[in-house]
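J.: Need a 3D model of the sequence below.
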Amino acid sequence: MAEYWRLINGVAMWDVAVERQVELVGPDAARLAQILTPRKLGALRPGVGRYVPICNHRGVIINDPILLKVADDRFWLSIADSDIVLFARAVAAERKLNVRVFEPDVSPLAIQGPKADNVVGDLLGEDILNLKFFQFRDVNLDGIPLTVARSGWSHQGGFELYLLDGSKGDALWAKVKEAGQPYDIGPGTPNPMERVESGLLSYGGDTDDETNPFEVRLGRYVDLDAPDEVLSIAALREIYASGVTRHQVGVKLAIDGQYGQTDRLSTVLKGNAEVGKITAHAYSPRLECNIGIALISNEVTVGDQVDVALGDGRSTAGVVCDLPFI
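T.: Prediction:
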C-alpha cells in the first residue's frame, strides 16, 4: 500500500531492467520495424517513440512494445513479456533483409509519479522537462550514459532512464535515490492496483493465444492501409471486416474485503452462460472496491449485471463498466 500511495501522490523509482530492448540496425531496419507492426511508422522521426502492437500472421498480439526510433537506420523495441528477438530475426531472415537484430546493453530505470518531474529536473536539468510524451534524448550523467524518455507503465506520469552501460547500474540507482530524497522517493514496481485502475494492458495476462488488437482497445494503433508487406495486415483486415466477438471491459465486484488474484482466472457469467474471463483483479484504494479487467463477449455491454465465479471457488455479483476505471 505504501508503494501504491507513493506512486499516486509522490514519486517512486522502479528497477525495470527486465524490460529488455530488441535493437534493429542496418539499411533495412526501418523496413523490418514496419513489417513487424500494423501501425504506420513513416512519419516517425528520430527521438520519438510509439506504442505499437506486434502481431503474428494470424493477427494475434504477440507483444505490445514501445518502439523508439534512435536513428533512421536504428530502432529499439522496448518489449513486454515475450521473446521478440527470435521472432524479429526469423522475419528478417525470411524477408532477406539487411539488418542486425540483437539485445543491446540497455537497462531501464523508471521514475514515476506526480513528483517525477521534480526529481528528474533536479537530476538532469530543467531542460529535460521539455520532452513530450514518448520523446527521448541522450544524456550523460557524470559519466553514466543514458537515453531518457518521458514514458513509463503507469498513468501517473514520469520518465524512463535507459542505462546504456549495465556496469553503472548501482551508481545510477544511488544518484536517483539521492536526487529524490527531498521528494520522499522510494522503491516500487509496476503497481498492479494502479495498472488495473488505469486499464493498462498486460501482454500475456490480459491476452491469450487468440487475442487480436481490436478486442483489447488497441484498434486505434492498427492502420488498415499499412503496407501489404506488414506480416499481420492481411489477417487484421479480415478480422476487422468480419467483426470481433469479444471486447475488453472493466468489472466492479460486489465482494467484500480485498480480493487477490488466484492461479485460476475468474469466470464471468450472464444468466447461466459463460461469457468470458476476468484477466486481472485488484482492490482499488481510490474506489474502495474490488475491480477487474475482463475479456468478454460483445453481447455483454457496459451497465450489465453479471455473476462472477471467482478463482478461489466463491461467487459474487458484478457490474460491467468502461475502462479506465480512473
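
J.: so where is the stretch 1-150 of the chain shaky, pLDDT-wise?
T.: Judged by pLDDT under 70, the stretch 1-150 of the chain has no weakly predicted residues.

J.: residue ranges for the helices of it, please.
T.: 2-9, 29-36, 84-94, 116-124 (DSSP state H, counting those that start in this stretch).

J.: Which elements pack onto the first one?
T.: Counting contacts by 3 or more Cβ pairs under 8 Å, 6 or more residues apart in numbering; DSSP states H and E, the secondary-structure elements packed against helix 2-9 are strand 186-188, helix 192-197. In short, each C-beta sits where N, CA and C put it, glycine included.

J.: pLDDT on the last one, on average?
T.: It refers to helix 192-197. In this model, helix 192-197 carries a mean pLDDT of 96.

J.: average pLDDT for whichever helix or strand comes after it?
T.: Per DSSP states H and E, helix 192-197 leads on to helix 233-242 as the next helix or strand towards the C-terminus. For helix 233-242, the mean pLDDT works out to 98.

J.: now the angle from helix 233-242 to helix 29-36?
T.: Interaxial angle, helix 233-242 versus helix 29-36 (axes from the mean of the first three to the mean of the last three Cα atoms, to 10 degrees): 40 degrees.

J.: packing partners for helix 233-242?
T.: Packed against helix 233-242, as judged by 3+ Cβ pairs under 8 Å, 6+ apart, are no other helices or strands.

J.: Need the CA coordinates for that helix. PDB is fine.
T.: Extracted C-alpha coordinates of helix 233-242, given in PDB (Å, rounded to 0.1, in the frame of the first residue of the first chain):
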ATOM      1  CA  ILE A 233      -2.100  -6.800 -42.000                       C
ATOM      2  CA  ALA A 234      -4.000  -9.200 -44.300                       C
ATOM      3  CA  ALA A 235      -5.300 -11.100 -41.300                       C
ATOM      4  CA  LEU A 236      -6.200  -7.900 -39.400                       C
ATOM      5  CA  ARG A 237      -8.100  -6.600 -42.400                       C
ATOM      6  CA  GLU A 238     -10.100  -9.800 -42.500                       C
ATOM      7  CA  ILE A 239     -10.800  -9.700 -38.700                       C
ATOM      8  CA  TYR A 240     -11.900  -6.100 -38.900                       C
ATOM      9  CA  ALA A 241     -14.200  -6.800 -41.800                       C
ATOM     10  CA  SER A 242     -15.700  -9.800 -40.100                       C
END
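
J.: what sits against the residue nearest to His57 when sequence neighbours are not counted?
T.: What sits nearest to His57 in space, not counting adjacent residues and going by Cβ to Cβ, 6 or more residues apart in numbering, is Leu231, at 5.7 Å. Applying Cβ atoms under 8 Å, 6 or more residues apart in numbering, we find Leu231 in contact with 35-36, 55-57, 91.

J.: Quick one: buried ones out of those residues?
T.: Buried subset of the contacts of Leu231 (neighbour count, 16 or more other Cβ atoms under 10 Å): 35-36, 55, 91.

J.: What separation do you get for Ser78 and Ala110?
T.: Going from Ser78 to Ala110 by Cβ to Cβ, to the nearest Å gives 11 Å.

J.: between these two, who's got more neighbours?
T.: Using other Cβ atoms under 10 Å as the criterion, Ser78 and Ala110 rank with Ala110 on top: 25 against 21.

J.: what's around the nearest residue to that one once chain neighbours are set aside, how many residues?
T.: Using Cβ to Cβ, 6+ apart and skipping the chain neighbours, the partner closest in space to Ala110 is Trp14 (4.1 Å). Per other Cβ under 10 Å, the neighbour tally for Trp14 reads 23.

J.: for Trp14, what are its contacts?
T.: Shown in contact with Trp14 (Cβ under 8 Å, 6+ apart): 109-112, 152, 187-190.

J.: Now flag whichever of those residues is closest to Leu224.
T.: Distance to Leu224, by Cβ to Cβ, is smallest for Gly152 among these, at 29.5 Å.

J.: Other residues contacting stretch 206-222?
T.: Applying Cβ under 8 Å, 6+ apart, the set of residues contacting stretch 206-222 is 38-39, 51-53, 55, 59-61, 64, 199, 201, 236, 239-240, 244, 246-248, 279-280, 293, 295, 323.

J.: Sorry, slip of the keys, the one I care about is stretch 113-127.
T.: 6-12, 111, 128-129, 139, 141, 148, 154, 156-159, 175-176, 179-180, 182-183, 185.

J.: ok, now stretch 98-108?
T.: With Cβ under 8 Å, 6+ apart, stretch 98-108 has contacts from 16-17, 19-29, 31-32, 76, 78, 85, 88-89, 92, 147, 160-166, 169.

J.: Same question for stretch 275-286.
T.: 1, 4-5, 8, 192-193, 195-197, 202, 205-207, 246, 251, 253, 258-261, 265-269, 289-297, 299-300, 306, 308, 325-326.

J.: Show me how far stretch 208-224 is from its chain's centre.
T.: 14 Å (Cα atoms, centre = their mean, to the nearest Å).
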